[in-house]
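J.: predicted model and sequence follow; I will ask about them next.
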Amino acid sequence: MKKHNTFKVVLITLLVFMLLTWILPAAYYSGSYVDQGRIQMGLFDLFNYPVTAISYFGYIAAFILVVGGFYGVLNKIGAYRTMLDKLTVAFKGKEVVVLSIMMVLIALLTSICGLQLGLIIFYPMLVSLILLMGFDKIVAALTIIGSTMIGMLGTTFGYNNTGIIPSILGNEFTDGMLPKCILLFLGLVLLIVNTILYINKTKKSEKKANVKKVTAKETKKTSKTKSSKNTKAAVKEEVVVVTEDQAEEDSYIPATVAGKKHIVWPLAVILSVVFIILVLAFISWSGAFGLTAMDEATTAVTGFEVFGFALFGKLLGTINAFGSWTLIDLVVVLMVFMFILALIYKVKFDELVDGFVNGAKRALGPAVITIMIYTILVLTTYHPFQLVVYKAILGITDGFNVFTTFVVAILSALFNGDAAYAFQSSLPYLASIVTNADNYPIIAVVYQAAYGLTMLVAPTSLVLMGMLSYLKVPYSKWFKAIWKLVLELLVVLLIVFTILILI
């Protein structure tokens, strides 16, 4: 069960929430607080809700499978490994700086563009690159998961992340921009420092382990005459352990494809184009910046006629304007560029299919985790026991209290996972008891910060549990690596919230 550790953690969480539906009464807020009594979840629901999750959120799992398939095809292209090797050589001696730049870029893209899911496209490549630079899987997880959640914690213009908050509270989306930027900066500093400390600690442990190996070898030499058979067995056992550990990390690095010299630039250009499309498509041009240029441009392109025939409109079909794209739109982009790469690098159709299938199989674990996490969301939506908890906590104090609000925001993130559902689950009720709109900008900052912090450790965090599943990193090992950072972030958040209340 160790290799299915992530699956086990999410399943236990699901069963615990199922038990809570038998313990706590359900309630919802719709203009007033409505107590529904207990709405227990039954055994058949445990199997029906995943079907509901697939019908509503299956496109996210499909996107993950397509990303896996895309990299399965890339692994058939020698230029991909050549590109990674060239980058590794270029980064030689500057690995920590490169790692820090990765964190900053991921956090900024999440904060500004709301790309915490869209960036999954590049996660496998980043994992391969980080491992090739000599770091372990925990460093890869800290880089990707940590920076993504810091970006959520310090969301600035990522309308897809937190746009629902001002729509509920009625304040401006840009309110509280300064504390948001401060939290983003401080979060990145803490993440980078903690990652460097982990790297240094790991290096010291490896040095001690090497010293022990050398000592063991010297001991074997002195006792060689006693039992050559035992010595051979011991050496053989040591080699097997090292090979197994190395093979596990090597499985995330594409194999070197022998043959003629591999030309990298077409692959680099296409990946760059995918990145540019990703950024342009997910920036909320109208929601965050009030710009309609992308909508107008899309209308102009799809409506362009050649001899009275809407050529591009017919070829493209139904296409969303940049700023309104979904993961399904990204699937189309990936599939098109996958076939283009196959043509450029002369990948045979059978190899293309085999590569895609093998890559999709590797992504199956994260895809299943995705459905399980959204099954939990279906559970908490159909059995809304959480509002009872929120009401009890908020009732401890009169009116607005930043600390009880923070606790409720953390719990709403834990219970729901998806940011929109997390905010919707408690904010309307909170707004009904906190009528002073001057507090709403602070509440907005508290909620997004609490969500980013919680998703670093919550078993309902899609990015966290999906990446741990992909990397085969046990949840307990992740928690051991991240708990200090979480505690430090918690202290920083409480200090910032206190200052916001006082000024």
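T.: Looks like it came in fine.

J.: quick one, domains of this protein?
T.: Domain ranges of the chain: 2-218+364-502, 285-320, per automatic domain parsing.

J.: so for the longest one, mean pLDDT?
T.: Domain 2-218+364-502 shows an average pLDDT of 92 in the prediction.

J.: returning to what we had before: most packed of the domains of the chain?
T.: The highest mean neighbour count among the domains of the chain, using mean count of other Cβ atoms under 10 Å, belongs to domain 2-218+364-502: a mean of 19. For every residue, glycine as well, the C-beta is placed using N, CA and C.

J.: now do that domain: distance to the chain's middle.
T.: Here domain 2-218+364-502 is found 6 Å from its chain centre; the criterion is Cα atoms, centre = their mean, to the nearest Å.

J.: can you list the domains of the chain in a markdown table and add distance to residue 347?
T.: As requested, the domains of the chain are exported to a markdown table (distance: least, Cβ to Cβ, whole Å):
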| stretch | distance to residue 347 |
| --- | --- |
| domain 2-218+364-502 | 5 |
| domain 285-320 | 25 |
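
J.: right, and those domains - which one's nearest residue 328?
T.: domain 2-218+364-502 (5.3 Å; Cβ to Cβ).

J.: re earlier: among the domains of the chain, which is nearest residue 269?
T.: It's domain 2-218+364-502; of the domains of the chain, that one is closest to residue 269 (Cβ to Cβ) at 11.2 Å.

J.: confirm for me that residue 60 is in contact with residue 377.
T.: No - between residue 60 and residue 377 there is no contact under Cβ atoms under 8 Å: 11.3 Å.

J.: for residue 457, which three-state class applies?
T.: With DSSP: H, G, I helix; E, B strand; the rest coil as the basis, the three-state label of residue 457 is coil.

J.: one more: the one 10 residues further on?
T.: The local conformation at residue 467, judged by three-state DSSP, is helix.

J.: and the nearest residue to it once chain neighbours are set aside, how far from residue 132?
T.: Nearest residue to residue 467 in three dimensions, chain neighbours excluded: residue 145, at 5.3 Å (Cβ to Cβ, 6 or more residues apart in numbering). Residue 145 sits 19 Å away from residue 132 when distances are taken as Cβ to Cβ, to the nearest Å.

J.: ditto for residue 360
T.: Distance, residue 360 to residue 132, by Cβ to Cβ: 23 Å.

J.: which other residues reach stretch 462-477?
T.: Identification of contacts with stretch 462-477 by Cβ atoms under 8 Å, 6 or more residues apart in numbering yields 2-3, 5-7, 9-10, 60, 64, 116-117, 120, 123-124, 127, 137-138, 140-141, 144-145, 148-149, 248, 252, 362-363, 365-366, 369-370, 373, 417-418, 455-459, 478.

J.: returning to that earlier point: right, and the domains of the chain - which one's nearest residue 278?
T.: From the domains of the chain, taking Cβ to Cβ, the stretch that ends up closest is domain 2-218+364-502, at 5.4 Å.

J.: assumed residue 27 was part of a strand.
T.: Yes - counting by three-state DSSP, residue 27 is found in a strand.

J.: list the residues that contact the spatially closest residue to it that is not a sequence neighbour.
T.: Nearest non-adjacent residue to residue 27, counting by Cβ to Cβ, 6+ apart: residue 387, 4.5 Å away. Applying Cβ under 8 Å, 6+ apart to residue 387 gives the contacts 26-29, 33, 425-426, 429.

J.: picking that back up, in helices, which of the contacts of stretch 462-477 fall?
T.: In this view, the contacts of stretch 462-477 that belong to helices under DSSP state H are 5-7, 9-10, 60, 64, 123-124, 127, 137-138, 140-141, 148-149, 248, 362, 365-366, 369-370, 373, 478.

J.: where along the stretch 201-350 of the chain do the helices fall?
T.: For the stretch 201-350 of the chain, the helices defined by DSSP state H, counting those that start in this stretch occupy 228-250, 265-282, 285-289, 293-303, 311-316, 327-344, 349-362.

J.: in terms of secondary structure, what does the fifth one contact?
T.: In this case it means helix 311-316. Packing partners of helix 311-316 (3 or more Cβ pairs under 8 Å, 6 or more residues apart in numbering; DSSP states H and E): helix 293-303.
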